[in-house]
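1. All I have is the shape, not the residue letters:
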Ligand code: KIV
Ligand code: ZN
């Protein structure tokens, strides 16, 4: 059975999803989980794109062991050098350089001739080789490129030292049969193709990213580039969990597998969703809330008689837990820490203490504590940012014949400031009071409330997106009181804006 390499680009292409940007600590947390998941390569960012991206790639390279860490670079010298610098401390580092090869990109974007593009690609690969042996070249918009020209580019970059050549469907244009034929064509026509791994990278504009990737695997592709939950530029990238489980479920058909620890899939999906604020649709394959739910009577009947009548994969195989009671009022710090570890979180002592305090507080408010509640508590510690503002107190009054009113107390630097405001509802009044105290100029782009588990005492989780001067940030807040959760989410987002400005 062939083992297909999984190149995860959640932290690079995935982060290009509108509004999905992550801070460095959040990226580290995702990268650690990707290692537990067993991916082969983590594309950690695009180092030349911003100081933040450079820092993220550099820290991931230095701190994350157990996977190859890749940094993206155009073919420009400065890009390659910056990527080389960022991956320097990696156990195994890769430079991933790219330039477009389609005539449409050459004419309108690059304003270059075909030969010039080959020269740039070859120079970039050679320069990257000065930093690492592991160099990947991507022919951007490969699926709209002329096939023989693509063969030529592939041959030349392999001669220059590329060990992986990626054939991206940048704009999600191809269809499975055509893409499979393209990969087969390259396999047959490029004389030195055996010296490199052929990689595929599909976007989902026509909803075909996973199908196209699988078609390419059948024709010899040895690496798949994908993201958790399929997040990514525009309609997203191929969803890793779908590719991995397709190979796992149909071994005879594909004769290929991956090294992914499938039991870690669900946890990874939830972590990425929580950190990026990109909610997973309920009917999403593999990780959606309904992916393993049998609703129709006939299905339920068949399933109860014999699972395999309506189930092609077991939820346990992707790590979907039965929501279970995990800990309670009397659980100690050790049990809490051990449970966190099982859930994939490793906190330092200080963060652990804070999370444990919150857990104890939650136990006083809520009878049953589930894994999802604990994840929500700790994700606040994981995504921590310096607090310019913190919530000290909040009280609201509202009712059918009452003007909604909020009185809020915030710590701003060393000062405690309070304010009372009226609004269209208790959340509106609370947000007006916070906006007055902080004097924010930001606009509220998105406000979402969801309950973490069932029951009227469930934790409510609020996510908000704010925009100020073109900077978009997301804030999260969770509490059994949804007005408090809303206030926490707003304050969290405002703190991120302050941190960004600094
Ligand atoms: O979609 C694309 O072509 C890319 C490349 C940079 C690989 O993301
Ligand atoms: Zn892409």
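-> Cool, the structure landed. For clarity, every value in this text was computed on a predicted model and none was experimentally measured. Ligands and ions are numbered 1, 2, ... in the order given.

2. residue ranges of the helices in the stretch 151-300 of the chain, please?
-> Listed in chain order, the helices of the stretch 151-300 of the chain (DSSP state H, counting those that start in this stretch) span 176-189, 209-218, 240-249, 251-254, 265-276, 297-305.

3. ugh, typo on my part, it should be the stretch 351-500 of the chain
-> With DSSP H, counting those that start in this stretch as the criterion, the stretch 351-500 of the chain has helices at 371-382, 426-438, 482-501.

4. closest one to residue 103 among those?
-> helix 482-501 (39.4 Å; C-beta to C-beta). For every residue, glycine as well, the C-beta is placed using N, CA and C.

5. tell me which element whichever residue of the stretch 1-150 of the chain sits closest to ligand 1 is part of?
-> Nearest residue of the stretch 1-150 of the chain to ligand 1, counting by C-beta to the nearest ligand atom: residue 138, 3.9 Å away. Assigned by DSSP states H and E, residue 138 belongs to strand 135-140.

6. Determine the angle, from 0 to 180 degrees, between that strand and helix 176-189.
-> 130 degrees (axes from the mean of the first three to the mean of the last three C-alpha atoms, to 10 degrees).

7. Who does strand 135-140 pair with, and is each partner parallel or antiparallel?
-> strand 93-100 (parallel), strand 164-169 (parallel) (DSSP bridges).

8. Show me what from the chain comes close to ligand 1.
-> Within the chain, the positions adjacent to ligand 1 are 13, 98, 138, 140, 166, 168, 170, 201, 203 by C-beta under 6 Å from any ligand atom.

9. try 8 Å
-> 9, 12-13, 16, 72, 96, 98, 138, 140-142, 166, 168-171, 201, 203, 225, 233, 237 (C-beta under 8 Å from any ligand atom).

10. Give me the neighbour count for the closest residue to residue 275 other than its chain neighbours.
-> Using C-beta to C-beta, 6 or more residues apart in numbering and skipping residues adjacent in sequence, the residue nearest residue 275 is residue 26, 4.7 Å away. For residue 26, the count of nearby residues is 23 (other C-beta atoms under 10 Å).

11. what comes into contact with the helix or strand harbouring residue 26?
-> Here residue 26 sits within helix 24-37, counting by DSSP H and E. Contact with helix 24-37 is made by 8, 10-11, 22, 42, 44-45, 52, 55-56, 59-60, 63-67, 228, 260-261, 264-265, 267-268, 271-272, 275, 344-346, 382-384, as judged by C-beta atoms under 8 Å, 6 or more residues apart in numbering.

12. Could you tell me which of these belong to strands?
-> The strands, defined by DSSP state E, take in 8, 42, 44-45 from the contacts of helix 24-37.

13. Out of the residues you listed, grab the one that's most surrounded.
-> residue 44 (34 neighbours).

14. Take the helices of the stretch 351-500 of the chain and write them to a markdown table, including mean pLDDT.
-> Listed next are these as a markdown table, based on pLDDT from 0 to 100:
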| stretch | mean pLDDT |
| --- | --- |
| helix 371-382 | 73 |
| helix 426-438 | 97 |
| helix 482-501 | 90 |
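
15. mind putting the ones you listed in a markdown table, mean neighbour count included?
-> Formatted as a markdown table, these follow (neighbours: other C-beta atoms under 10 Å):
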| stretch | mean neighbour count |
| --- | --- |
| helix 371-382 | 21 |
| helix 426-438 | 21 |
| helix 482-501 | 22 |
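
16. Out of the ones you listed, flag the one nearest residue 214.
-> Nearest to residue 214 among the helices of the stretch 351-500 of the chain is helix 371-382 (31.1 Å), distances taken as C-beta to C-beta.

17. okay, now the domains of this protein?
-> Following automatic domain parsing, one finds the domains of the chain at 2-276, 293-366, 389-501.

18. which of the ones you listed sits most buried?
-> domain 2-276 (a mean of 21; mean count of other C-beta atoms under 10 Å).

19. what about the stretch 201-350 of the chain, any weak spots by pLDDT?
-> 294-297, 300, 321-326 (pLDDT under 70).

20. hang on, the earlier thing: can you tell me which of the ones in strands among the contacts of helix 24-37 is closest to residue 421?
-> Distance to residue 421, by C-beta to C-beta, is smallest for residue 45 among the ones in strands among the contacts of helix 24-37, at 40.6 Å.

21. Would you agree that closest one is in contact with residue 58?
-> No - here residue 45 does not reach residue 58: they are 9.2 Å apart, not a contact under C-beta atoms under 8 Å.

22. quick one: common contacting residues for those two?
-> residue 86.

23. For the residue of the stretch 401-502 of the chain found nearest ligand 1, give the beta-bridge partners.
-> Nearest to ligand 1, among the residues of the stretch 401-502 of the chain, is residue 472, at 20.9 Å (C-beta to the nearest ligand atom). With DSSP bridges applied, the residues forming beta bridges to residue 472 are residue 467.
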